[in-house]
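Participant: Just to be clear, the model below is a prediction. Sequence and coordinates:
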Amino acid sequence: MAPPPPHRPYKRPAISDQQRRRDLALQAQSARRADAQARARSLANSLLSPSSAAADTAVEGDSERDHEPTVAEAASKLRGSDARRWFARQIMLPEWMADAPPHLATDWHVFARPAGKRCLVVSCNGITISRLRNGSILHRFPSALPNGSKRDISGPASSYSILDCIFHEPDETYYIIDMICWRGYSLYDCTAEFRFFWVNSKLMETTAGDPPSTYHRYRFSAVPIYECTLQGLQAAYSGSTPYVKDGLLFYNKHAHYLAGITPLALVWKDEACSQYVIDTDSKGQVPSEQHIVLDLQEDGKLTTSDDPPVVFGSLDNEFIQKSNLRPGNLLRFAVKDERVKLVDGKMEISELQFVGKPNRARAFADSHSKALFQYAARHAPLRIEDLVASIQSNNMELESTDVEMQDGDFSE
């Protein structure tokens, strides 16, 4: 007689539609692949100077691979607002984890997010440039990345590398959390599992991890990345790191590098692994009511930064004119608990209270998942125990499948 099944760990009920959208995002990846490359070429050609565009036309018969470096060449020639907009559109942004995904142990990586400034780092033509999420330049410096300094040019000078990093000010180190391109080879359509492998292997081929020097202003370091098993989660959550932690990042192993907000990457925080779990106001204090930053549209609607955006309310023309507001302004609002409802995995807010404008350095409105995470953090937070329970439940399902397969083998 088979022993009774072990007690399954309690799993927190889902409060969002995050898993449904994650399934759709995975299904759409292959269809998006050709579109992404076509958009990149179109963007590069439209932003090139007339002389460069003419040069592109002259080599039309060359292979696709010959065309690829022109994307970096175009980006390197952009200036001002054009450059900021181009780089701001390239970064992959995680959703906030509203619910623990199924199959965490088998389908996800996890690592401790360094506290600091998220940025893209581009090395090309003997110089290295880092840009913040809003597209503005953080540093312009020589580095030991490929073609990152005048001394280290190897192969075509225009061959470029693009890294997704977090700049950690206490030790002045760029911590690499992802790789987009390496020596002109695009990794956009590679899985996260492959990209993480390349981060470690390719970084070791350079001296970019060495202490700073004349031709290497800042050190680069790969973050330790784990399989999201119980042991991996424990290491990321409680293990020591050379940097200050600001929550955990979870990446679906099969996810391509997708510009914009994606449910295939998730951020999660609690007080044990982040100093900032609940958003603070302009004075650095946790407000009594939840705050949310939204984007004012032409028609007065107030939207999130999602694509497509989620509408949380609207302002009438009289208030907009009286407050001297314009479309595109980011506005901060307070939300009373009794004005929030969760319907089919979405937040609905019946009333917003205008607080003012956020910090000028801010580039984007809040996402829907962030608003939902902040609401849950105040009332029913997703705890580390919930993530552990999800992994344990997944493990039990795998063990049950293995037993069924073995029983089937014996019955033949």
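Facilitator: Sure, I can see it. Residues are numbered from 1 along each chain as shown.

Participant: quick check: domain ranges of this protein?
Facilitator: Domain assignment of the chain by automatic domain parsing yields the ranges 18-53+69-268, 290-379.

Participant: for the stretch 201-350 of the chain, what spans make up the strands?
Facilitator: 219-222, 226-227, 245-252, 260-268, 290-296, 301-303, 311-314, 330-335, 340-343, 346-349 (DSSP state E, counting those that start in this stretch).

Participant: And those strands: which comes nearest Gly148?
Facilitator: strand 219-222 (9.6 Å; Cβ to Cβ). Every C-beta, even on glycine, is put in place using the N, C-alpha and C of the backbone.

Participant: who's in contact with the closest one?
Facilitator: With Cβ atoms under 8 Å, 6 or more residues apart in numbering as the test, strand 219-222 has contacts from 121, 143-145, 163, 165, 171-176, 199-200, 203, 208-212, 242.

Participant: Type out the PyMOL command that picks the buried ones from the residues you listed.
Facilitator: Selection of the buried residues among the contacts of strand 219-222 in PyMOL, burial being defined by 16 or more other Cβ atoms under 10 Å:
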select buried, resi 121+143+144+145+163+165+173+174+175+176+199+203+208
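
Participant: Tell me which of the contacts of strand 219-222 fall in helices.
Facilitator: Among those, the ones falling in helices (DSSP state H) are 199-200, 203.

Participant: Now those residues in a markdown table, please, with extra columns for pLDDT and distance to Gly260.
Facilitator: Converted to a markdown table, these look like this (pLDDT from 0 to 100; distance: Cβ to Cβ, whole Å):
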| residue | pLDDT | distance to Gly260 |
| --- | --- | --- |
| Val199 | 97 | 21 |
| Asn200 | 95 | 26 |
| Leu203 | 95 | 26 |
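
Participant: Kindly indicate which of these lies nearest Asp295.
Facilitator: Val199 (33.0 Å).

Participant: for the closest one, what are its contacts?
Facilitator: So Val199 contacts 163, 176, 178-179, 222 (Cβ under 8 Å, 6+ apart).

Participant: sorry, back to before: would you mind putting the strands of the stretch 201-350 of the chain into JSON lines with mean pLDDT, distance to Ile391 and mean neighbour count alongside?
Facilitator: Shown next, in JSON lines, are those (pLDDT from 0 to 100; distance: least, Cβ to Cβ, whole Å; neighbours: other Cβ atoms under 10 Å):
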{"stretch": "strand 219-222", "mean pLDDT": "98", "distance to Ile391": "24", "mean neighbour count": "20"}
{"stretch": "strand 226-227", "mean pLDDT": "98", "distance to Ile391": "10", "mean neighbour count": "18"}
{"stretch": "strand 245-252", "mean pLDDT": "98", "distance to Ile391": "12", "mean neighbour count": "22"}
{"stretch": "strand 260-268", "mean pLDDT": "95", "distance to Ile391": "13", "mean neighbour count": "22"}
{"stretch": "strand 290-296", "mean pLDDT": "95", "distance to Ile391": "29", "mean neighbour count": "22"}
{"stretch": "strand 301-303", "mean pLDDT": "97", "distance to Ile391": "35", "mean neighbour count": "19"}
{"stretch": "strand 311-314", "mean pLDDT": "96", "distance to Ile391": "33", "mean neighbour count": "17"}
{"stretch": "strand 330-335", "mean pLDDT": "95", "distance to Ile391": "33", "mean neighbour count": "20"}
{"stretch": "strand 340-343", "mean pLDDT": "92", "distance to Ile391": "25", "mean neighbour count": "12"}
{"stretch": "strand 346-349", "mean pLDDT": "93", "distance to Ile391": "27", "mean neighbour count": "17"}
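
Participant: Nearest to Val355, out of those strands?
Facilitator: For Val355, the closest of the strands of the stretch 201-350 of the chain is strand 330-335, at 4.4 Å, according to Cβ to Cβ.

Participant: In this model Ser390 seems to touch Ala100, though I could be wrong.
Facilitator: Yes. The pair Ala100 and Ser390 passes the contact test of Cβ atoms under 8 Å, sitting 3.8 Å apart.

Participant: Please tell me how far the residue nearest to Asp295 when sequence neighbours are not counted sits from His109.
Facilitator: In space, and not counting its chain neighbours, Asp295 is closest to Ala365: 4.1 Å by Cβ to Cβ, 6 or more residues apart in numbering. Remark: distance between Ala365 and His109 (Cβ to Cβ, to the nearest Å) = 28 Å.

Participant: Comparing these two, which residue is more hemmed in?
Facilitator: Just comparing Ala365 and His109: by other Cβ atoms under 10 Å the higher neighbour count belongs to Ala365, 25 against 21.

Participant: for the more buried one, helix, strand, or coil?
Facilitator: coil (DSSP: H, G, I helix; E, B strand; the rest coil).

Participant: confidence score at it?
Facilitator: pLDDT recorded at Ala365 is 92.

Participant: residue contacts, Arg20?
Facilitator: Gly345.

Participant: Does it lie in a helix or a strand, and which?
Facilitator: Here Arg20, judged by DSSP states H and E, is contained in helix 18-47.

Participant: In contact with Ser369, which residues?
Facilitator: Ser369 neighbours (Cβ under 8 Å, 6+ apart): 16, 18, 95-98, 261, 263.

Participant: try it again with 10 Å
Facilitator: 16, 18, 21, 94-98, 261, 263, 266-267, 304, 306, 310, 347 (Cβ atoms under 10 Å, 6 or more residues apart in numbering).

Participant: Which of the domains of the chain has the lowest mean pLDDT?
Facilitator: Among the domains of the chain, domain 18-53+69-268 scores lowest, at a mean of 84.

Participant: first vs last residue of that domain, how far apart are they?
Facilitator: 14 Å (Cα to Cα, to the nearest Å).

Participant: now swap in stretch 241-257 and tell me
Facilitator: 25 Å.

Participant: That stretch: how far from the chain's middle?
Facilitator: Stretch 241-257 sits 9 Å away from the centroid of its parent chain (Cα atoms, centre = their mean, to the nearest Å).

Participant: now stretch 221-236
Facilitator: 17 Å.

Participant: Verify the stated contact: Arg339 with Ile349.
Facilitator: Yes. Under the criterion of Cβ atoms under 10 Å, Arg339 makes contact with Ile349 at 5.7 Å.

Participant: Many thanks, we can stop here.
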